[in-house]
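K.L.:
sequence and predicted structure are below.
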Amino acid sequence: MWRFIAYRLLQAIPVILAVITVTFFLVRVAPGGPFDSEKAVVPEVKAALEAQYRLDQPLLTQYAAYLGDLAQGELGPSFKYPGRSVNELIAAGLPVTAELGLYALLVAMIIGGVAGIIASLKPNTAQDYLPMSAAMIGICMPSFLLGPLLVLVFGIYLDWLPVSGWGDIPGDKILPAITLGSTYAAYIARLSRAGMLEVMTQDYIRTARAKGLPEWQVVTRHALRGGLIPVVAFLGPAFAGLLSGSFVVETIFQIPGLGRFYVQAAFNRDYTMILGTTVFLSTLIVLFNLLSDILAAWMNPRLRTQFSEH
Amino acid sequence: MALLEVNNLGVSFVTRNGTNRAVDDVSFTVESGQITAIIGESGSGKSVACYSLLGLIPQPPGRIDSGQALFGGRDLLQLPEAELRKVRGRDIAMVFQDPMTCLNPYMTVGKQLVEPLRYHQKTPAAQARRRALELLQEVGIRDPESTIDNYPHQFSGGMRQRVMIAMALINEPQLLIADEPTTALDVTIQAQILQLIAELQRKRDIGVIFISHDLAVVADIADQIVVMQEGKIVESGDRTGIFRHARHPYTQKLLAAIPADSKAGATLSPEPLIQVRHLATWFGQGRKQEPVKAVNDVSFDIRRGEVLGVVGESGSGKSTIGRSLLRLVPVTAGQVLFDDTDVTQLKGRALKDMRRRMQIIFQDPFASLNPRMTVYDTLAEPLLLHGIENRSSVARGVLKLMDDVGLARNFVRKYPHEFSGGQRQRIAIGRALATHPEFVVADEPVSALDVTIQAQILDLMLALGREYGLTMMFISHDLAVVRHIADRILVLYRGEIVEQGTGHELFENPQQTYTRELLQSIPGRSLLQ
């Protein structure tokens, strides 16, 4: 078990290193730089700025220096927010984004899981088609469309919920969580439907029925665990995706999270900020994938015994 | 009064392609303290008839058209689902065919065992667990205290079936329905499970419905026998009546399908085609682990034109030997001389040529045929790959193969799932013969088939063997089947040959305890004597 985790973590190092390298050189290839702007800057000032941020040195030297800093957990100073380090900015944005992501994941799991299970119980009937059509719409509908729609209906026409902000007015976290979670709810609905459908045809489900158990017990006691394993395996990538993909929702609802920093950094050519958030998020993705893999394996007794033997 | 009285049961399946009458006017009775066997091939409606009594067929597409099933004064077919549920698992319990898939892999055996007791009788957990332990002991699970909290995959196939039986009996039902409970098991284990079921039935004096495709299996235990074909009962009566005076041609065919005779000794050339010397195939040689010695220092010859039978239980290494000869698994040590060439040393081009001369037929013709290839593609592929036919002549080659294995030519564009098990095995045989091999390994080629189909496939293989001048290795766990087809038999136990001889020699005068045990396990051996 521990060997497996250690092995996976070791595997992650070259992956993350590759991400850093590609990102580092890619942002440099992109035209423009952090201190280019429409108004003319005195060449001496620009030179001084570039010297301060080591931009005057050869690219490879900069790369080596960046890796050195990174090894010490130092993501460097931000170019656009003078005086603040990338570490500080991520630390400021992360709690908000993580909270939003967590709520969205909860929304996705509850709505998606319930819809998928309901659909799987009566396949190819209205009970199946209705939630699955909704899921299809959920997958297709981009959050920049769904968000404003929800704002329009629940915020303006019905006036039930606040239209923006984060933690200012009670209830202002509901709409962003739903907007962000809906796509994932749709995926989870489809995954859990497929998983449950497969499990419900297994012989041991027939055994459970032959015992005389009522159908709801057959589903909850015998089918759920096997049926939801694919969903659990998806949760890791899903949470990572929620964290890195939250910028649209953060922009729509004016939420001061990580996503907005990330996108602004790209527009501003804030090299260290782009790199820092990318490194941070890719590490998270690797970790969450590992976590959900472990969890999914743990749910399967056959794999579990294999694990504990190692 | 009979324990269960089924009258004029009719069950249909309604699909888009029309209505299929699966059970047609079926009537039978089950008495307390008796075993009633329902015999028929797959699709004969024997399982559907029993499942529909308990509301276990999906409706739709299933539909009960007519009939009544009187059990304890009530008609099961008229009971509302809530009432029927109280009968299921309490008064009538079931044991299914494949204990590998019928136990929930995500739940410990103990939790599954107590479920019927906890649900129907509301027995407190501790008491239910005690009862489960007693029953596990009774069905022959050694040391139940330490295994009850294990998961199903930690048990062997036979042990899982024992667990299934314990689970069915935990509420002390009056009627036990066992649906092919031994079909997925080795013969030795099958004999044990049959004995266990008969023993438990006698002790409890309950009624048992025993569903099987194989008359021989029930020959020793059934009191009453019902023979079904295409949804109808063609014959029924007590055991002696059926076995001595079967009237219906189908019953007679079933009886004839029990492989009874040894193959008459053919005159064979003394020249060996294959010489195996000190063959060893070990698996899982990790740094620390002890390797699994699947095959260990085995030497034997196969003569040209001979059918060599290899018999043993699961894990005896019989399949591994076959695969080692064909280089389908890496060989650890030893030599396999094929026509004086050491197969174990071949590489590249020479290995490919050798593969043409040696072929294999697998047990499960569904799993071993590519579901996305038509029969034509499956058969044409080896013909083209080995340059036996060219593009213009390949169609003729494929049709010739279809004729040889007894498949209608117009099936050639169909996919494997459109065929029955027996037909699929014919395709697999055709595929193996496509390259005109000299040597064929048949690895349990009939174990997944109904008995009547088994007999057809065995006859086909014998006929084709003669026609193509094949040398064959026939692997099976079933000594009766092997005796029917093999000139000589190797008995394998834990990777080593314990005994060899002709079928006649082994049956009349077995030298080893293990061979005797195998002989004892042959179902329906009372019929053979």
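P.N.:
Cool, the structure landed. Numbers count the residues shown, from 1 in each chain, chains lettered A, B, ... in the order given.
K.L.:
contact partners for the spatially closest residue to A:P142 that is not a sequence neighbour?
P.N.:
Distance criterion Cβ to Cβ, 6 or more residues apart in numbering or on different chains; nearest residue to A:P142, sequence neighbours excluded, is A:V248 at 7.8 Å. (C-beta placed from N, C-alpha, C; glycine too.) Taking Cβ atoms under 8 Å, 6 or more residues apart in numbering or on different chains, we find A:V248 in contact with A:142-144, A:147, A:259.
K.L.:
put the buried members of these into a ChimeraX selection.
P.N.:
Selecting only the buried entries of the contacts of A:V248 in ChimeraX, with 16 or more other Cβ atoms under 10 Å in any protein chain shown as the criterion:
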select /A:143,147,259
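K.L.:
let me have the contacts of A:V248 in TSV, adding pLDDT and secondary structure as columns.
P.N.:
TSV is the format used below for these (pLDDT from 0 to 100; DSSP: H, G, I helix; E, B strand; the rest coil):
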residue	pLDDT	secondary structure
A:P142	84	coil
A:S143	83	helix
A:F144	85	helix
A:G147	85	helix
A:G259	80	helix
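K.L.:
I'd like the next helix or strand past the host helix or strand of B:T188.
P.N.:
Using DSSP states H and E, B:T188 sits in helix B:187-204. Per DSSP H and E, the first helix or strand lying C-terminal to helix B:187-204 is strand B:207-212.
K.L.:
between helix B:187-204 and that following strand, find me the angle.
P.N.:
160 degrees (axes from the mean of the first three to the mean of the last three Cα atoms, to 10 degrees).
K.L.:
just the CA trace of strand B:207-212, in CSV.
P.N.:
Taking C-alpha atoms only, strand B:207-212 is exported to CSV below (Å, rounded to 0.1, in the frame of the first residue of the first chain):
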residue,chain,number,x,y,z
GLY,B,207,-38.2,-30.7,-1.1
VAL,B,208,-35.5,-29.9,-3.7
ILE,B,209,-35.8,-28.9,-7.3
PHE,B,210,-32.5,-29.6,-9.0
ILE,B,211,-32.1,-28.0,-12.4
SER,B,212,-29.5,-29.4,-14.7
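K.L.:
what strands line up against that strand, and which way round?
P.N.:
Paired neighbours of strand B:207-212 in the sheet (DSSP bridges): strand B:35-39 (parallel), strand B:175-179 (parallel).
K.L.:
wait, which of the ones you listed is closest to A:R221?
P.N.:
Closest to A:R221 of the strands paired with strand B:207-212, according to Cβ to Cβ: strand B:175-179, at 22.5 Å.
K.L.:
list the contacts of that closest one.
P.N.:
Contacts for strand B:175-179 (Cβ under 8 Å, 6+ apart): B:3-4, B:30, B:47, B:50, B:54, B:71, B:91-97, B:168-169, B:197, B:201, B:206-211.
K.L.:
which residues of chain A lie near chain B?
P.N.:
For chain A, the contact set with chain B under Cβ under 8 Å from any Cβ of the partner chain comprises A:202-204, A:206-214, A:217, A:221-222, A:225-226, A:299-302, A:305.
K.L.:
ok so, going back, tell me which residues of the helix holding B:T188 are tucked away?
P.N.:
Applying 16+ other Cβ under 10 Å to helix B:187-204 flags B:187-194, B:196-198, B:200-201, B:204 as buried.
K.L.:
nearest to B:E145, of the residues you listed?
P.N.:
Using Cβ to Cβ, those come closest to B:E145 at B:L196, 20.4 Å.
K.L.:
how far away is the closest one from chain A?
P.N.:
Relative to chain A, B:L196 is positioned 19 Å away (Cβ to the nearest Cβ, to the nearest Å).
K.L.:
what about the helices in the stretch 1-150 of chain A?
P.N.:
Along the stretch 1-150 of chain A, counting by DSSP state H, counting those that start in this stretch, helices occupy A:2-29, A:43-52, A:59-71, A:86-121, A:126-140, A:143-150.
K.L.:
just name the most buried of those.
P.N.:
Comparing these by mean neighbour count (mean count of other Cβ atoms under 10 Å in any protein chain shown), helix A:86-121 comes out on top with a mean of 20.
K.L.:
returning to that earlier point: lowest mean pLDDT across the helices of the stretch 1-150 of chain A, which one is that?
P.N.:
Per-segment mean pLDDT for those reaches its minimum on helix A:43-52, at a mean of 76.
K.L.:
which stretches in the stretch 201-310 of chain A count as helices?
P.N.:
Along the stretch 201-310 of chain A, counting by DSSP H, counting those that start in this stretch, helices occupy A:203-210, A:215-217, A:224-227, A:229-244, A:247-252, A:258-268, A:271-299, A:301-309.
K.L.:
would you list the ones you listed in TSV and tack on distance to A:V153?
P.N.:
Formatted as TSV, the helices of the stretch 201-310 of chain A follow (distance: least, Cβ to Cβ, whole Å):
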stretch	distance to A:V153
helix A:203-210	41
helix A:215-217	34
helix A:224-227	33
helix A:229-244	23
helix A:247-252	14
helix A:258-268	24
helix A:271-299	32
helix A:301-309	45
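K.L.:
lowest mean pLDDT across those, which one is that?
P.N.:
Note on the helices of the stretch 201-310 of chain A: lowest mean pLDDT is at helix A:301-309, with a mean of 67.
K.L.:
mind checking the helices of the stretch 1-150 of chain A for the one nearest to B:A448?
P.N.:
helix A:86-121 (30.1 Å).
K.L.:
how about B:E271, phi and psi?
P.N.:
phi -70, psi 130 (degrees, to the nearest 10).
K.L.:
what's the answer for the one 10 residues further on, then?
P.N.:
The phi and psi values for B:T281, taken as degrees, to the nearest 10, are phi -130, psi 110.
K.L.:
touching, it and B:V295? I think so.
P.N.:
Yes: with contact defined as Cβ atoms under 8 Å, B:T281 reaches B:V295; the gap is 4.3 Å.
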